[in-house]
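**Student:** Take this sequence and fold it.
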Amino acid sequence: MDSKGVGKFSKNNSIIMLGGINMLKKLLAIISVPLVIVHLIILYFWIGDWEKLVTEIGLISWIGSIILGIIVYFAYRKLNHSEKRFLVTKRIVFSSTLTTIFLGVFAIIIEFITNSMP
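**Tutor:** Purely as a prediction, here's the structure:
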């Protein structure tokens, strides 16, 4: 191949990569908002009606939202850090996921303490 063929391949390859990054940005934006809403609902139930969180559906959504939050956070780390809206969204996802993890740890500690009482 000549240098023009290589140049065209590189240009097309970068367009495909750019399209993949744009798709990732859109996908993360679509996932982040419901994820943060689920984290806030978990916080609400943890404070107000914790018995709904210890059901099978509650535990699946709790653990699933933590795993999804970690995946989304690491996906945000791959994006360009100069865009302010992605930086803010990444921090919101990270803080809500971290809060949900702390709620789970505190729930386990509370459960352990109350079960060890006579």
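
**Student:** so where do the helices sit in the chain?
**Tutor:** Per DSSP state H, the chain carries helices over the ranges 3-48, 56-77, 84-115.

**Student:** mind checking how far the most centrally placed residue in the chain is from F45?
**Tutor:** With distances taken as Cα atoms, centre = their mean, the chain has G69 as the residue nearest its mean C-alpha position (2.2 Å). Summarising the geometry, the distance separating G69 from F45, computed by Cβ to Cβ, to the nearest Å, is 17 Å. Where you see a C-beta, it was placed from the backbone N, CA and C, and this is true even at glycine.

**Student:** burial count for R91?
**Tutor:** 12 (other Cβ atoms under 10 Å).

**Student:** so what pLDDT did it get?
**Tutor:** Residue-level confidence at R91 comes out at 91, pLDDT.

**Student:** just to revisit the earlier point, which one of the helices of the chain has the poorest average confidence?
**Tutor:** Within these, the least confident segment by mean pLDDT turns out to be helix 3-48, at a mean of 74.

**Student:** hmm, back to that, my guess is the residue nearest to the centre of the chain meets H39, correct?
**Tutor:** Yes: under the criterion of Cβ atoms under 8 Å, G69 makes contact with H39 at 7.0 Å.

**Student:** Give me the common contacts of these two.
**Tutor:** The contact sets of G69 and H39 overlap at S96, T97, T100 (Cβ atoms under 8 Å, 6 or more residues apart in numbering).
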